[in-house]
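**Q** What follows is a predicted structure for the sequence shown.
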Amino acid sequence: MTGLENRLKRIIKADTGRSLVVAIDHGYALGPMKGIVDIAGTISKLDGTGLVDAWLLTKGIFRHAFNPRGTPGVILRSSGGATIAGPDITNEGLVTSVEEVLTLGADAMAVSAFIGSENERETLIGLSRAADQCHRWNVPLLGVIGLGKEVGEKKNDAKFLALSARVAAEHGADLIKTYYTEKGFEDVVAGCPVPIMIAGGPKCETDLDTLKMIHGALQSGAQGIVMGRNIWQSPHPAALLNAAWQLIHKNCSVQEAQDILEESIRNA
Ligand code: 5RP
């Protein structure tokens, strides 16, 4: 086994080939937002379920607010430098080195590429250089498919996401995080040589919608989730996490997951 495979196993579980990653890296560009204003409290609540395979977070949160009971996987968000308040949120560069990933004992690095944006070239070159650095140390790279203003409407365009996922993998990513499309998501998976995980995007109307999205992605071949808002902005984050875990690791149906959600809410 290589070091890269060893680290990947701390994220994608060997027994199911799937992963439940909670993303709490939003503050690096969006500031404090509902659900992660008290980020240490959110981490503690979700960590308490024992169901999180890995976390996606920044070095700042790792150093100042991250204190899990066990030793979950950690993916360090390593691109940044642009915010919602600035002229262009897609103008990201590398802000964390692979040495920092290793120093913090993290298992993987995450870098965004904004394909179709004005910063396509810079962010793809950044992702590709990060992949080279990572692979010198056998650290896996999660390629994050970012959407800027120019391509925001392409969130539901499977053809665009298939291109983006493939491009990021060809530039060296070992895992891809992208959005889910109800139609054609199997083509996104089929065209990408590395595992695909889905982000959730803005909060769905209901928790049932979130469960349907996760189920649809898994049925299309996704290997899990790297999800934030739909979990920690839910009125019942721990119960929803439990239902999502059953979908991901126990292959249950949407109906079964909904029953588990309701039971977890009743027992909370
Ligand atoms: C924040 C991110 C998030 O990690 C990603 O979008 C997943 O979170 P969500 O499910 O809330 O979309 O890249 O900038």
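**A** On my side now, so go ahead.
**Q** quick one: contacts for the residue nearest to Leu175 when sequence neighbours are not counted?
**A** The spatially closest residue to Leu175, leaving aside those adjacent along the chain, is Leu142, at 4.6 Å (C-beta to C-beta, 6 or more residues apart in numbering). No exception for glycine: its C-beta is placed from N, CA and C like everyone else's. Residues in contact with Leu142, defined by C-beta atoms under 8 Å, 6 or more residues apart in numbering, are 56, 75, 108-111, 173-177, 197, 226.
**Q** Is it possible to get JSON lines of these that adds distance to the ligand?
**A** Shown next, in JSON lines, are those (distance: C-beta to the nearest ligand atom, whole Å):
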{"residue": "Leu56", "distance to the ligand": "5"}
{"residue": "Ile75", "distance to the ligand": "9"}
{"residue": "Ala108", "distance to the ligand": "13"}
{"residue": "Met109", "distance to the ligand": "13"}
{"residue": "Ala110", "distance to the ligand": "8"}
{"residue": "Val111", "distance to the ligand": "11"}
{"residue": "Ala173", "distance to the ligand": "14"}
{"residue": "Asp174", "distance to the ligand": "17"}
{"residue": "Leu175", "distance to the ligand": "13"}
{"residue": "Ile176", "distance to the ligand": "12"}
{"residue": "Lys177", "distance to the ligand": "7"}
{"residue": "Met197", "distance to the ligand": "9"}
{"residue": "Val226", "distance to the ligand": "6"}
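**Q** from the residues you listed, which single one is nearest Asp88?
**A** Among the contacts of Leu142, Val111 lies closest to Asp88 (C-beta to C-beta), at 17.2 Å.
**Q** What's the first helix or strand after the helix or strand that closest one falls within?
**A** Applying DSSP states H and E as the criterion places Val111 in strand 108-113. The element immediately downstream of strand 108-113 (helix or strand, assigned by DSSP H and E) is helix 120-136.
**Q** Which other helices and strands does the strand holding Val111 contact?
**A** With contacts defined as 3 or more C-beta pairs under 8 Å, 6 or more residues apart in numbering; DSSP states H and E, strand 108-113 has these neighbours: strand 73-77, strand 79-80, helix 98-103, helix 120-136, strand 141-145, helix 158-170.
**Q** residues in contact with the residue nearest to Met213 when sequence neighbours are not counted?
**A** Spatial nearest neighbour of Met213, excluding adjacent residues (C-beta to C-beta, 6+ apart): Tyr180 at 5.5 Å. By C-beta under 8 Å, 6+ apart, Tyr180 lies in contact with Ile198, Met213, Gly216, Ala217, Ala222.
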